[in-house]
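>>> fold the following and give me the result.
(2 chains)
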Amino acid sequence: MQSNSNRQITTIESAAVLVSTIIGVGVLPLPLFAVRAGDAGAPLVTLLGMLVGFVGLALIALLGMRFPNKNIIQYSEDIIGKWLAALGSICIIGFFAVLTSLTAREFGEVVVTSVLKETPLEVTVIVMLLLAAVSTRNNVITFSYIHLFYFPFLLLPAILIVALSLKNADLINLQPVWGNNPSHMLPGVLTVAALFQGSFVLTLVIPAMRNPKKAMKASLLGMLIAGGLYISIVIAAVGVFGAEEIKNLLWPTLELAKATSLPANILERLDAAFLAVWVTAVFTTLFSSYYLTLQALSTLSRLKDHNMLSFFLLPLVFIMAVMPQNIISMYEIIAFVGRIGLSLTIGYPALLFIIALIRGKRGDRSNGKQVEKAS
Amino acid sequence: MNSSDGTSGSNSTNSSNSTNSTNSTNSGNSSNSSNSSTSSTSNTNSTNSTSDGNAPNNRKRVVTEASTPVLEPTVNVDLTSNLENTIQAIKAVLMEDGDFIIRRFRVFGRYDAAVFYYSSMVDQAMINSSIVKPLMRPPGTFEGTSIEPDELYDALINQIIYHSDVHPEPSLSSIVEGLLRGNTTVIVDGLDEGLVISTSKIDKRAVDQPATEQVIRGPREGFIELLDTNISLIRYRLQTPELRINTIEVGRRSRSRVAICFMDGITNVDLVKEVKQRIAKIDIDAVLDSGYLEQFIEDNHYSPFPQVQYTERPDKVVANLLEGRVAILVNGSPLALVVPTVFSQFYQTAEDYTERFVMMSAVRLARLIALVFSLVFPSLYVSIISFNPELIPTEFAVAVAGGRSGVPFPAVIEVLIIEISMEVLREATIRLPQQIGGALSIVGVLVIGQAAVSAGFASPITVVIIAMTTIGSFATPAYNAALSLRLLRFPLIILAGVFGLYGVVIGLILIANHLLSLNSFGVPYLTPWVPGDLKGMKDLLIRGPLYRMGERPSFLYPEDKKRTGKDIVAKMDEEPYKVLDPVEVEKRRSQSDAKQQQPSDNDN
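Below you'll find the model as predicted:
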């Protein structure tokens, strides 16, 4: 999609894209997911989930460095042939469309439950989706600018909440660090890892990076910041509430924001303000997955311009978003889709990478090298 | 152009011979030829355009596509040596205007001649003393000698006319053009060229304090309407041959002179080319102000945000030129345009750089807060009052509720009403005559505000909020940026009324995304914040020390990157010598004493 002359995205910008994509509405129930799997070992679960998520991201980065001018839709055709690749690409498009709709739905639920109690869910969902759809009518450079711009607005409130709540934390809540029943951790690890799936968007960023070789550095940086934030939020939540209490909370991070207050009594409560700022975090996540869906679709269908698609996709995503009956079924679907997604965002790139290694496929280097590698 | 085809064809060789070498062969030519390409051969095209640009002014200029319909028949009509014919031809174009003067006289008492000028645009004393007088009564050296017709031309130009700016012009169109610019034309029977003498004198106001960009510390000069004065204001500040000023004519009928200023060796060459191209594309009846140009050369015509900065301060223009930007001035407008523009320029003032950096950084931050306030304050108020009153401390919330208890409207309607009346008041104050404007604004704000509160129409806190917002928007130095924020405030208030804080953030995200997708001549609008540019950030929220801002903004891709000397930072960071420290004074005194002692010892 991107012309190769347009290589402008720096390492910092691509890291910012990753961080702001990963940090989203998933942060709100994150401590709950982690605690369900590991009790007091929740931070450990988050760490493991982050490592699993990083495997997928690293594979994307490696593939991207191997094919610096192409995104996954394009190089998968080189690796496994046109038809198989089309199948994989359709799966990716479908998955990210679902992910977009679920993100919008999840945040819509949060907004309707905690701030706009009388507003219909559909309205908040469609507003969020419209916002994303309007913003996707930009090129990948602006895409990275938008992420870079919101980067501080994401980090600051989260860090503020964590820092302010730590004074209420009790170290005893975090012990033992490996939890009470370590063998049950695996499903939780996968659920947490699924929160990192948005980082798949890196595959769109690499072809526009000034130096695609630094993709690995960017993904490492992005993962460290996002993962560090996740872990510190889990530590803060578990430290303040304790594992058993968290199991009764739907969005522990939001409760954390409620429990904290700014010094000097400037604002009485922080949760509404936190949620307001958090709209930007959710927006960037939604924006990334919507953009990924669109770009993948337009690359696959060989469309020059993705702008047109952006509103065609909107009703589809909206309908998927309002399909789940209620919050409980929504979270069941999210967990289910997340698992499937993991096989898609880790398994598929892994497959591609291995086949590329075996077949000695490389990106737009000189042909001689490709022959060399192949022979 | 159609009507001139026949004549232009027949005279093509003639006028191409006399083509002035000062004509630049720029885009003007190509656009002009495209204009007439429908009806002429390519040969005629080129002569058309060159003679079009063959103006009495000796400046480099490009004539754009725009051409005055009345002037069109005169293009390429050459003068004949018959005076009566020429007078008829000029009269045919300029008709019987009250201020158009044709004065017939006789050169050296022998040759019939006439001077033409618009009495309203010339310096008549100069015409009398340095043109008409020497022509009628030649100076002493010519006493008694008679000048033959073949010597006449040479004698007139080289010996008789006391003026440094005289051009012989062979074509009718350039003579008419010269007359319209306020020049005087002398036509002598027997010569097939008219003499165009620059005598333009147009009344102008004095160079005054800039009305909208006042500073406490810094130069007090502002541009005026006359282009030449404005250029002189720039030129005396930049006494370097690198300052380039190219003039283009824009406007079919106004034929406004547009000056494009840039620094040779600093400004990116392609940027200058692009600016010229964008200006050359403009084809409009008249350019009455630089604002007309702005609307043609900006990148996004539908954005609420200004993408071109304007200023009436010559020092600001010079500073921008030195950063590698291009300035555009128009005759008749006291406001210069500066491109490319990034958003941060709209809250920077000239004073930021003349006062010391620590203070001005703080002031700039305050200004930035005012700017953000002027955008979001009312909408934040609405959303907190109507959706999230739990955010504000309880005592204050009680006070707010008490103040609002008698108000019949929801907060959003209340704020909108007061906001709109504030806008009306502001607009009215601008239009009012100055003598009563000040009085009315005080009456408006104090009395109406107080009355609205006591009538139960608005709560006191709403009035406070709106007042702060309005003051905040006045603190934004750039009127055009303040205007766009003022406008965007209203959708934000409505969003706040519908969705609360959530709506405000949605609105802000939309605005931010729009800002991020904007660019001015390819420079992203929020540079140097996004994309990040650490060196540029020294002049973003704060204003770094001048000696540490050694590089011109990199996003303008200047030809010459460094602004300061190589080791200036090291030099400035050295411990300065404490001349008057008592210890040092003592040291020096004892040294000089010792020195004095020595010679005196020797003497003894």
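>>> buried sites along the helix or strand containing residue B:569?
Element membership for residue B:569, per DSSP states H and E: helix B:568-573. By 16 or more other C-beta atoms under 10 Å in any protein chain shown, helix B:568-573 has no buried positions at all. For every residue, glycine as well, the C-beta is placed using N, CA and C.
>>> tell me the mean pLDDT for that helix?
Confidence over helix B:568-573 (mean pLDDT, whole number) is 88.
>>> got a list of contacts for it?
B:545, B:547, B:548, B:550, B:565 (C-beta atoms under 8 Å, 6 or more residues apart in numbering or on different chains).
>>> one more time with 10 Å, if that's ok
B:545, B:546, B:547, B:548, B:550, B:562, B:564, B:565, B:567 (C-beta atoms under 10 Å, 6 or more residues apart in numbering or on different chains).
>>> pretty sure the second one sits against residue B:355.
No: shown here, residue B:546 and residue B:355 do not form a contact pair, counting by C-beta atoms under 10 Å, at 11.3 Å.
>>> emit the ChimeraX select command for whichever of the contacts of helix B:568-573 are buried.
Filtering the contacts of helix B:568-573 down to the buried ones (16+ other C-beta under 10 Å) takes a single ChimeraX command:
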select /B:550
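>>> coming back round to it: following element in sequence after the helix holding residue B:569, please.
With elements assigned by DSSP H and E, the helix or strand that comes after helix B:568-573 is helix B:582-603.
>>> ok, back up a step: shared neighbours of residue B:546 and residue B:355, anything?
Listed as contacting both residue B:546 and residue B:355 by C-beta under 10 Å, 6+ apart is no residue at all.
>>> got the residues of the stretch 251-400 of chain B near chain A?
B:380, B:383-384, B:387-397 (C-beta under 10 Å from any C-beta of the partner chain).
>>> mean confidence for stretch A:259-274?
Rounded mean pLDDT across stretch A:259-274 is 78.
>>> and for stretch B:509-524?
Stretch B:509-524 comes out at a mean pLDDT of 93.
>>> in that stretch, what counts as buried?
B:509-521, B:523-524.
>>> cool, and stretch B:125-142?
Residues B:126, B:127, B:130, B:131, B:132, B:134, B:135, B:138 are the ones in stretch B:125-142 that count as buried (16+ other C-beta under 10 Å).
>>> so who does residue B:471 touch?
Taking C-beta under 10 Å, 6+ apart as the test, what residue B:471 contacts is B:370, B:373, B:374.
>>> out of the residues you listed, list just those in helices.
The helices, defined by DSSP state H, take in B:370, B:373, B:374 from the contacts of residue B:471.
>>> tell me the most packed of those, by neighbour count.
residue B:374 (24 neighbours; other C-beta atoms under 10 Å in any protein chain shown).
>>> returning to that earlier point: save the contacts of helix B:568-573 as JSON lines, and put in secondary structure too.
Listed next are those as JSON lines, based on DSSP: H, G, I helix; E, B strand; the rest coil:
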{"residue": "B:545", "secondary structure": "coil"}
{"residue": "B:546", "secondary structure": "helix"}
{"residue": "B:547", "secondary structure": "helix"}
{"residue": "B:548", "secondary structure": "helix"}
{"residue": "B:550", "secondary structure": "coil"}
{"residue": "B:562", "secondary structure": "strand"}
{"residue": "B:564", "secondary structure": "coil"}
{"residue": "B:565", "secondary structure": "coil"}
{"residue": "B:567", "secondary structure": "coil"}
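>>> quick check: which of the contacts of helix B:568-573 are also close to chain A?
Okay, of the contacts of helix B:568-573, nothing touches chain A (C-beta under 10 Å from any C-beta).
>>> what are the phi and psi values at residue B:250?
With angles defined as degrees, to the nearest 10, residue B:250 sits at phi -130, psi 140.
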